[in-house]
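*Asks:* just a sequence and a predicted model for now, questions to come.
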Amino acid sequence: MPGSIEVRGLSRTFHTTVRRPGLAGTLRSLVNPERVAKHAVSDITFDVAPGELLALLGPNGAGKSTTIKVLTGILTPTSGEARVAGVVPYQDRERNARNIGAVFGQRTQLWWDLPVRESFSILRDIYEVPKAEHAARLKEFDDILELSTFWDTRVRHLSLGQRVRCDLAAALLHDPPVVFLDEPTIGMDVVVKEQVREFLRHQVEERGRTVLLTTHDMTEVERLAERVVLINHGRLVLDGSLDEIRRRFGSTWQVRATLADAHTDVVPLPGIAVLRKEGPQVVFGPESPDGPDSPTVHQALKAVIERYEVTGVAIDEADLEDVMRAAYVHAEAV
Ligand SMILES: Nc1ncnc2c1ncn2[C@@H]1O[C@H](COP(=O)(O)OP(=O)(O)OP(=O)(O)O)[C@@H](O)[C@H]1O
C-alpha cells in the first residue's frame, strides 16, 4: 500500500569473531576463530499506517538502527519480511530508494566538499525532479528550516544543526511518501530541535508522509508521535498509543517532597515507591499504579508527611521520561 510500512516476524542476526586477549589469544583467534551470534532483531512485527508518525524506541543496542537499515534496504533480514510502500526494500533497492527518504543524525548523506545547493542539484538530477517542482519544494523547506542563509556553504563547514537541516531537505527533495529518521535531532540545541520538529509535523500533517522515527528524546516523542513501538534486546515489548502507555506505566501521581534533613534514610512506604532521590528532594510514586489497593495521592501525601519531616511538598503528573523508564524496567522483566 502506498506509504505504509509492514514488518512481519523480522529477525536479523550478526555473526562476529571474538578476539581473545593477549598475543597467544590473538594467534589462537587467527587459527581457530571463535564465532558468536548476535540477535540484533528477533521476530519483530508491526505496521505503520500511511500518514502516521511512529516512534521506534528502545535503550542503546535495542535493535532500532538495524530495523531501519532493513527497511531502507541496507541490510537483508535473516528471516521474516518487510514491505515499504508495497516494495520489499532489500530485494528492490532502487524502487525502494524512490519511495523513501532517510536521515541518520550521526552521519551525512551530502557531498562533503560541495556547497549544499550543489548537492541539492545533483539529487534533483538523480531523482529526475522537474526544475519548477524542485524550486518550489526547496522554497517550502527553506520557509521552515531557514536553509538559504547557509546553503552556499560547503557541507564540511556547516554546524551540526545546519547540516542535519540540509540532510532533511535532501532526503525529501524527491517527495517520498515514507521517511526514516534515525536520531535526527541528536546533539542539536533546543531552538534548532524545535525547528526540525515543526518541519516534521508539517511533513506529516500537511504532506501526509509516513514517518518512522527513532530518538532518545522524550520531548520529541511527546510533541510528534501518537504511537510508539518499544523494542528491547531485539524483541518488541510494546506497541501502543502514548495514552495507553501512560495509562499502563505512568504513575497516576508523583509526590515531590523536600526533606528537612537531606541525610534522612528514605524507605518505601506501603504501596508507595521511592522513584528518585537527589539531595533533600525525594520523588514518591505508586508502587503498582494499576493495583486495586494503590494509594490515592491524598493518602500518599498524608503518609509521606506523617513519616518524614518535610519543608515542602508538591504533586506532579509523571512526565514521559518516567513513564518510559517504567516501561523499560517492565521490558527487562519480560
Ligand atoms: N554490523 C554489526 N555486526 C555485529 N553486531 C552488530 C552490527 N550492527 C549492530 N550490531 C549489534 O546489534 C545490536 C543492535 O544494534 P542497533 O544499532 O540496531 O541498536 P540501536 O537500538 O539502534 O542502538 P542505539 O540507540 O545505541 O543507536 C547491538 O548489540 C549491536 O552491537
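*Replies:* That came through fine. Just so it is clear, the model here is predicted, and its values are computed rather than measured.

*Asks:* which residues does Lys38 contact?
*Replies:* Residues near Lys38 by C-beta atoms under 8 Å, 6 or more residues apart in numbering: 13-16. Heads up, the C-betas are built off the backbone N, CA and C, glycines and all.

*Asks:* ok, which of those also contact the ligand?
*Replies:* Contacts with the ligand within the contacts of Lys38, as defined by C-beta under 6 Å from any ligand atom: 14, 16.

*Asks:* could you pull out the helices in the stretch 201-334 of the chain for me?
*Replies:* 218-224, 242-249, 297-307, 320-333 (DSSP state H, counting those that start in this stretch).

*Asks:* follow-up on the earlier one: most neighbours among the contacts of Lys38, which one is it?
*Replies:* Thr13 (15 neighbours; other C-beta atoms under 10 Å).

*Asks:* would you turn the contacts of Lys38 into CSV with distance to Thr153, secondary structure and pLDDT?
*Replies:* Below are the contacts of Lys38 laid out as CSV (distance: C-beta to C-beta, whole Å; DSSP: H, G, I helix; E, B strand; the rest coil; pLDDT from 0 to 100):
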residue, distance to Thr153, secondary structure, pLDDT
Thr13, 42, strand, 96
Phe14, 38, strand, 95
His15, 42, strand, 91
Thr16, 39, strand, 86
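
*Asks:* closest one to the ligand out of the contacts of Lys38, please.
*Replies:* Phe14 (3.3 Å; C-beta to the nearest ligand atom).

*Asks:* show me the contact partners of stretch 230-248.
*Replies:* 11, 39-46, 56-59, 62-64, 66-67, 221-222, 225-229, 290, 318, 320, 323-324, 327-328, 330-332, 334.

*Asks:* average model confidence for that stretch?
*Replies:* Mean pLDDT, taken over the full extent of stretch 230-248, equals 87.

*Asks:* repeat that for stretch 86-98.
*Replies:* 95.

*Asks:* returning to that earlier point: from the contacts of Lys38, which is closest to Ala170?
*Replies:* Phe14 (29.1 Å; C-beta to C-beta).

*Asks:* for that closest one, give the beta-bridge partners.
*Replies:* Lys38 (DSSP bridges).

*Asks:* can you show me the strands along the stretch 201-334 of the chain?
*Replies:* Per DSSP state E, counting those that start in this stretch, the stretch 201-334 of the chain has strands spanning 210-214, 227-232, 235-241, 254-259, 272-278, 281-286, 310-316. These are given in chain order.

*Asks:* just the CA trace of stretch 69-82, in CSV.
*Replies:* Once non-C-alpha atoms are left out, stretch 69-82 reads as follows in CSV (Å, rounded to 0.1, in the frame of the first residue of the first chain):
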residue,chain,number,x,y,z
LYS,A,69,18.6,-0.5,7.9
VAL,A,70,16.4,-3.4,6.8
LEU,A,71,13.6,-1.0,5.9
THR,A,72,15.9,1.2,3.9
GLY,A,73,17.4,-1.8,2.0
ILE,A,74,20.9,-1.5,3.6
LEU,A,75,20.5,-4.9,5.4
THR,A,76,18.8,-8.1,4.4
PRO,A,77,16.9,-9.8,7.2
THR,A,78,17.9,-13.3,8.4
SER,A,79,14.2,-14.2,8.4
GLY,A,80,10.8,-12.6,8.3
GLU,A,81,9.9,-9.9,5.8
ALA,A,82,9.3,-6.2,5.4
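
*Asks:* near the ligand, which residues of the stretch 1-150 of the chain? Just list them.
*Replies:* So the stretch 1-150 of the chain meets the ligand at 14, 16, 38, 40, 58, 60-66 (C-beta under 6 Å from any ligand atom).

*Asks:* out of those, who's the most crowded?
*Replies:* Counting by other C-beta under 10 Å, top hit in those: Lys64 with 27 neighbours.

*Asks:* any idea how many residues pack against the nearest residue to it once chain neighbours are set aside?
*Replies:* Nearest residue to Lys64, sequence neighbours excluded (C-beta to C-beta, 6 or more residues apart in numbering): Thr214, at 4.3 Å. Residues within reach of Thr214, counting by other C-beta under 10 Å, total 23.

*Asks:* then Val190?
*Replies:* Count around Val190 with other C-beta under 10 Å applied: 9.

*Asks:* mind listing what it touches?
*Replies:* By C-beta under 8 Å, 6+ apart, Val190 has no neighbours at all.

*Asks:* farthest-separated two in the residues of the stretch 1-150 of the chain next to the ligand?
*Replies:* Taking C-beta to C-beta, no two of those sit farther apart than Thr16 and Gly58, at 20.6 Å.

*Asks:* thank you kindly, that will do.
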